[in-house]
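Chemist: using only what follows, build the 3D model:
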Amino acid sequence: MMTTVGVAMVGILRKVRKLIGMAVTILGIVQGAIVYGAGTEDYLTYVKPVLRARCYSCNGAVKQEAGLRLDTVAAMEIGGDSGPVVSRSRSAKGTGDTGETAASSDRASEDHLLLARVIAPEPADRMPPEHDGEPLSPQQISRLRDWIASGAPAPPDEKLEVDPRDHWSFRELVRPSVPSVANRSWGRNPIDAFISFAHQQQGLVPQTESPRSLLLRRLYFDLIGVPPTIEEMAACEQDRSVDWYEATVE
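Modeler: This is a model prediction of the structure:
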């Protein structure tokens, strides 16, 4: 049984562990703010995940309704059929020591089409559309408004989402041409030609083929887990056919 001191020590260790976890989390946030700036970190932490979850299905890599993509801020500035949905230059004009009130700053943010469509009072005009779930929450809208009011900052190296249809598993199968290699005697089939071509590129010289007896032992151990008998070894050594190995496998 644990003593009173032992119980107290366990409690202290748990509190220390919790404090360390909080410190690591805070450090990560601070480091992100230092690297990108506070506004950009807010975009990556709060705004972009919402856009990815609620908007990319219609305005992302796979589909671009009205010619619009929302997976980068640069794409938002290019906009679609209705023009840009965010303008960092216009946001920047509304920041700084201009004496404007918070209310006027909010109105300036709502001039951006992205926010205007999110807070549209008519369901037919509001985004995301009704069939795509609930409207954005007040907290999500507030973060979006604040981000736009701060100048809509984003990482300078932000990249468009990759079209999942470009993944190799969705591409049509194409038979590659067999490369021409110098060491033609080494390979026995087209697959060997690709290996030999890689040998050439890396400046490698393949080892000579192992003795037939050794190849046979490896084959037996790999397939049935026991070595060949003396009679099987002798029969294999006497087999002069080119496809002796394949025949033995069968």
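Chemist: drop to CA atoms for contacts and neighbour counts, all remaining ones
Modeler: Will do.
Chemist: check which residues of the helix or strand hosting R143 are buried.
Modeler: Taking DSSP states H and E as the criterion, R143 maps to helix 138-149. Neighbour-count burial for helix 138-149, counted by 16 or more other CA atoms under 10 Å, picks out 141, 144-149.
Chemist: nearest to D222 among those?
Modeler: Comparing these against D222 with CA to CA places L144 closest, at 61.2 Å.
Chemist: what residues are up against the closest one?
Modeler: L144 makes contact with 47, 115, according to CA atoms under 8 Å, 6 or more residues apart in numbering.
Chemist: and the pLDDT at it?
Modeler: Looking at L144, its pLDDT reads 95.
Chemist: any idea how far it lies from L136?
Modeler: Going from L144 to L136 by CA to CA, to the nearest Å gives 10 Å.
Chemist: where does pLDDT dip in this structure?
Modeler: Applying pLDDT under 70 to the chain flags the ranges 1-13, 16, 19-38, 90-110.
Chemist: got the domain ranges for it?
Modeler: Domains of the chain are assigned by automatic domain parsing as 1-36, 38-156, 177-208, 212-249.
Chemist: could I get the buried residues of helix 138-149 as CSV with distance to E237?
Modeler: Shown next, in CSV, are the buried residues of helix 138-149 (distance: CA to CA, whole Å):
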residue, distance to E237
I141, 79
L144, 77
R145, 81
D146, 81
W147, 78
I148, 80
A149, 83
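Chemist: which one of those residues is nearest to D166?
Modeler: L144 (30.8 Å).
Chemist: quick one: closest of the domains of the chain to S169.
Modeler: So among the domains of the chain, domain 38-156 is nearest, using CA to CA, at 16.0 Å.
Chemist: my guess is V162 contacts Y56, does it?
Modeler: No. Applying CA atoms under 8 Å as the test, V162 and Y56 come out as separate, 11.6 Å apart.
Chemist: between those two, tell me which one has more neighbours.
Modeler: Y56 (19 against 12; other CA atoms under 10 Å).
Chemist: residues in contact with that one?
Modeler: Y56 sits in contact with 63, 69-71, where contact means CA under 8 Å, 6+ apart.
Chemist: which ChimeraX command selects the buried ones in the residues you listed?
Modeler: Those of those that count as buried under 16+ other CA under 10 Å are selected in ChimeraX with:
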select :69,70,71
